[in-house]
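K.L.:
A structural model of the following input is requested.
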Amino acid sequence: MKQLTFDWIERCALRIVQLDQSIADAEAIDLARDIAGFERTAAMAPEAAVEFVASELSRPSPRFERRSDSRT
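P.N.:
The predicted model follows:
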């Protein structure tokens, strides 16, 4: 996983809180770190990554598995 800046994590967490205001700030930061752990979402802008995850979670069978071996 490439090293993401705290700014990326912070922007991601902010978007999470905007989408679900019942999530605490600390939990949003934890979720943002989880989102950063996926190669696909880490390559996106943080707001786009949150939108992608939200759209996947709204599907009947969301899938977040790694599609290939780790590239690191």
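
K.L.:
look up how far residue 8 lies from residue 36.
P.N.:
For residue 36, the distance to residue 8 equals 7 Å [C-beta to C-beta, to the nearest Å]. For every residue, glycine as well, the C-beta is placed using N, CA and C.

K.L.:
cool, residue 20 as well?
P.N.:
In this structure, residue 20 and residue 8 are 19 Å apart, going by C-beta to C-beta.

K.L.:
more neighbours: which of the two?
P.N.:
Neighbours around residue 20 and residue 8, counted as other C-beta atoms under 10 Å, are more numerous at residue 8. The numbers are 18 against 12.

K.L.:
residues contacting the residue lying closest to that one once chain neighbours are set aside?
P.N.:
Among residues not flanking residue 8 along the chain, residue 46 sits closest, at 5.1 Å (C-beta to C-beta, 6 or more residues apart in numbering). Going by C-beta atoms under 8 Å, 6 or more residues apart in numbering, residue 46 touches 8-9, 11-12, 15, 32, 35.

K.L.:
and for residue 52?
P.N.:
Residue 52 touches 40-41, 44, counting by C-beta under 8 Å, 6+ apart.

K.L.:
next one: the helix-or-strand element of the chain with minimal mean pLDDT to chain centre, how far?
P.N.:
Here the helix or strand of the chain ranked lowest by mean pLDDT, DSSP states H and E is helix 39-42, holding a mean of 90. The gap between where helix 39-42 is centred and where its chain is centred comes out at 8 Å by C-alpha atoms, centre = their mean, to the nearest Å.

K.L.:
buried residues, the helix or strand that residue 15 is a member of. List them.
P.N.:
Of the helices and strands defined by DSSP states H and E, residue 15 is found in helix 6-19. Buried residues in helix 6-19, counted by 16 or more other C-beta atoms under 10 Å: 8-9, 11-17.

K.L.:
wait, which of the residues you listed is closest to residue 56?
P.N.:
Using C-beta to C-beta, the shortest approach to residue 56 within the buried residues of helix 6-19 belongs to residue 16, at 14.0 Å.

K.L.:
got a list of what the residue lying closest to the closest one once chain neighbours are set aside touches?
P.N.:
Sequence neighbours aside, residue 28 is the residue nearest to residue 16 in space, at 4.3 Å (criterion: C-beta to C-beta, 6+ apart). Applying C-beta under 8 Å, 6+ apart, one finds that residue 28 lies in contact with 13-14, 16-17.
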